[in-house]
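**Q** model this:
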Amino acid sequence: MGTLPGTSAEVLDQEVRDLISPGRITKDQWIEVVTTAHDLGIRTTSTIMYGHVESPRHVAAHLGLLRDIQKQTGGFTEFVPLGFVHTEAPMYGKSLVENVRPGATGAEVLKTYAVSRLMLNNWIPNLQVSWVKEGPKLSQILLDAGGNDFMGTLMNESISTSAGATYGQCMKPREMRRLIRDSGRIPAERSTTYEIRRQFGPDEDDHYDPLDLVEGAPEEKFGSYSKLTHSPDYKFRDRYEIPLTPVSKG
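**A** Model (predicted):
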């Protein structure tokens, strides 16, 4: 194992976690996992999920905690702000939690990225834009609000999609490079730990990756979360009876 995802962070405030994600690991357990990984030489990402019941104070405290950890370990590769997708989320749709907002506003997303860059810049240099959460166009704008990483291509994302996001079905490398160029940046391919593998110039792109050559709709090639969950092929149909023999007492 070379790296770990720093997910399940949600908001690193136990009162908020008890409301939105009861049963998940605690704030202290999350800190223990990532710091132990860092001590073992395993790099991790770091995240936040915002736009539900948290306040700006919670976000600021979360960023401050990540910065303190990074000062001690240097193990975070990037920070990824993840806007809450409310559409199919039970805590919003079924009113499981009071006063849950329907995700962050556009202005809030911009401010979160800008403040994250200001607070983490000298410690966590990479700020990843989630086009799955925010969509391609807003993600372009976020590159001017502190972001420097356009995430990855993905194939068939299911976590955000199951919550109602509509952007998780594959983005081809050429399309991603076009979006980056249109925002005035020069695209580069990186490794998981942010070593630059190759840089693409600002001129016309004549490079094709295998994913660029996939014809037709990506969901026809890779499947889709929606089709998978609605397919009868993966529904429980058969009931198996297990014969039981009573055991006499004594």
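**Q** avg pLDDT for the lengthiest helix in the chain?
**A** If you go by DSSP state H, the chain has its longest helix at helix 56-73. On average, the pLDDT along helix 56-73 is 98.
**Q** right, and the helix or strand after that helix?
**A** strand 76-83 (DSSP states H and E).
**Q** and the residue sitting nearest the centre point of the chain, what does it touch?
**A** Note on the chain: the residue nearest the mean C-alpha position is residue 82, at 5.7 Å, using C-alpha atoms, centre = their mean. Applying C-beta atoms under 8 Å, 6 or more residues apart in numbering, we find residue 82 in contact with 47-50, 130, 133. From N, CA and C alone the C-beta is placed, and that goes for glycine too.
**Q** OK, contacts around the residue nearest to residue 108 when sequence neighbours are not counted?
**A** Here the nearest residue to residue 108 in space, its sequence neighbours aside, is residue 51; by C-beta to C-beta, 6 or more residues apart in numbering that works out to 6.8 Å. Residue 51 makes contacts with 83-84, 86, 101, 103-104, 108, as judged by C-beta under 8 Å, 6+ apart.
**Q** before we move on, back to that, packing partners of the longest helix of the chain?
**A** When contacts are defined as 3 or more C-beta pairs under 8 Å, 6 or more residues apart in numbering; DSSP states H and E, helix 56-73 packs onto helix 27-39, strand 43-50, strand 76-83, helix 106-120.
**Q** in it, what's buried?
**A** 58-59, 62-63, 65-67, 69-70, 73 (16 or more other C-beta atoms under 10 Å).
**Q** which outside residues touch that helix?
**A** With C-beta under 8 Å, 6+ apart, helix 56-73 has contacts from 9, 11-13, 16, 31, 34-35, 38-39, 46, 48, 50, 75-76, 79, 112, 115-116, 119-120, 123-124.
**Q** now the contacts of residue 51: which count as buried?
**A** Using 16+ other C-beta under 10 Å, the buried ones in the contacts of residue 51 are 83-84, 86, 103-104, 108.
**Q** may I ask which helix or strand of this protein has the lowest mean pLDDT?
**A** helix 159-162 (a mean of 55; mean pLDDT, DSSP states H and E).
**Q** CA atoms of the helix or strand that comes right after that one as PDB?
**A** Downstream of helix 159-162, the next assigned helix or strand under DSSP H and E is helix 173-182. What follows is helix 173-182 as a C-alpha-only set of coordinates in PDB (Å, rounded to 0.1, in the frame of the first residue of the first chain):
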ATOM      1  CA  PRO A 173      -8.300  13.300 -20.700                       C
ATOM      2  CA  ARG A 174      -8.500  15.500 -23.800                       C
ATOM      3  CA  GLU A 175     -11.700  17.200 -22.500                       C
ATOM      4  CA  MET A 176     -10.100  17.800 -19.100                       C
ATOM      5  CA  ARG A 177      -7.000  19.300 -20.800                       C
ATOM      6  CA  ARG A 178      -9.300  21.600 -22.800                       C
ATOM      7  CA  LEU A 179     -11.100  22.800 -19.800                       C
ATOM      8  CA  ILE A 180      -7.800  23.500 -18.100                       C
ATOM      9  CA  ARG A 181      -6.400  25.400 -21.100                       C
ATOM     10  CA  ASP A 182      -9.600  27.400 -21.500                       C
END
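**Q** packing partners for helix 173-182?
**A** With contacts defined as 3+ C-beta pairs under 8 Å, 6+ apart, helix 173-182 has these neighbours: helix 136-142.
**Q** burial count for residue 177?
**A** Per other C-beta atoms under 10 Å, the neighbour tally for residue 177 reads 21.
**Q** not counting its neighbours along the chain, what's nearest it?
**A** residue 187 (4.2 Å).
**Q** also residue 91?
**A** Closest to residue 91 by C-beta to C-beta, 6+ apart is residue 97, at 4.4 Å.
**Q** same thing with residue 202?
**A** Once flanking residues are discounted, residue 202 sits nearest to residue 186: 5.8 Å by C-beta to C-beta, 6+ apart.
**Q** what does the model give the one you found for pLDDT?
**A** In this prediction, residue 186 carries a pLDDT score of 92.
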